[in-house]
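Enquirer: my questions are about this predicted structure, shown below with the sequence.
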Amino acid sequence: MKAAIAFVVSILGQVLYILILLGAALGLLIGVMLLIDSARVMQWNAYLNRWISTGNAARVLDQSRDVKRFVYRSHRVIGLLVIAGALFAMDVLTFGLQTRPLVRAFRDLGNPTALALAVDSVRIFLIAGNIAAVVAGVVLCFRPSLLKGLESWADRQYSTPVSTKALEEPNYGPDAFVRDHPKLVGTLVTAGSVFILASLGIARWI
């Protein structure tokens, strides 16, 4: 299990490295183009600047689905599945997951001590959540009626149009700023991209 986790972590680290590298290379290209031919970059922006509404995608999430009957009809089976899944997750989080491979894979993103603290905090949070899941599974197996109060409190419908309203309003401020200050933005983007590429290259060969 440890070897598999280490392998996955190494793969994720390589993918993240490549994505950051490609993003910095693209930023360098755009920054240089803003310096030498900002009109062409504005043409690219006008062509790619398509408005995508979240309303259609969120409509599926706004449909309420009642699963109470199914859960109470098969409460013992579902409770056992919850307990089994929570115990398995606790076993992996407690004995199988090592923080050192994760910290080693993402050591270039920040201070190793802070990364280790963040990983340990997330692991403790997940372990506490799975302990609560075990308790909920036991209650669901033997006394599902005890969950009625929690169910009535949590059984609410949250509408996504309210929370995504800000996403439905276009913001053309950044486009206008780039159009008015192409040299400044081009210089900043080019310098930032060169710094990232140089840092990644140095870190790769050290």
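Expert: Okay, I see it. Numbering: from 1, shown residues only.

Enquirer: for this protein, which helix or strand comes out least confident on mean pLDDT?
Expert: helix 160-163 (a mean of 58; mean pLDDT, DSSP states H and E).

Enquirer: avg pLDDT for the helix or strand where Ala132 lies?
Expert: According to DSSP states H and E, Ala132 maps onto helix 112-142. For helix 112-142, mean pLDDT is 85.

Enquirer: other SSEs contacting it?
Expert: Under the contact definition 3 or more CB pairs under 8 Å, 6 or more residues apart in numbering; DSSP states H and E, helix 112-142 sits against helix 75-91, helix 99-105. C-beta here means a position set from N, CA and C on the backbone, and glycine is covered the same way.

Enquirer: now those helices in CSV, with mean pLDDT, distance to Ile11 and mean neighbour count?
Expert: Shown next, in CSV, are the helices and strands packed on helix 112-142 (pLDDT from 0 to 100; distance: least, CB to CB, whole Å; neighbours: other CB atoms under 10 Å):
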stretch, mean pLDDT, distance to Ile11, mean neighbour count
helix 75-91, 89, 21, 16
helix 99-105, 71, 9, 18
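
Enquirer: need these in a markdown table (columns: distance to Ala39).
Expert: Conversion of those to a markdown table gives the following (distance: least, CB to CB, whole Å):
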| stretch | distance to Ala39 |
| --- | --- |
| helix 75-91 | 55 |
| helix 99-105 | 42 |
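
Enquirer: of these, which is nearest Gly23?
Expert: Gly23 sits nearest to helix 99-105 of all the helices and strands packed on helix 112-142, at 18.6 Å, using CB to CB.

Enquirer: I'm done for today, thanks for sticking with me.
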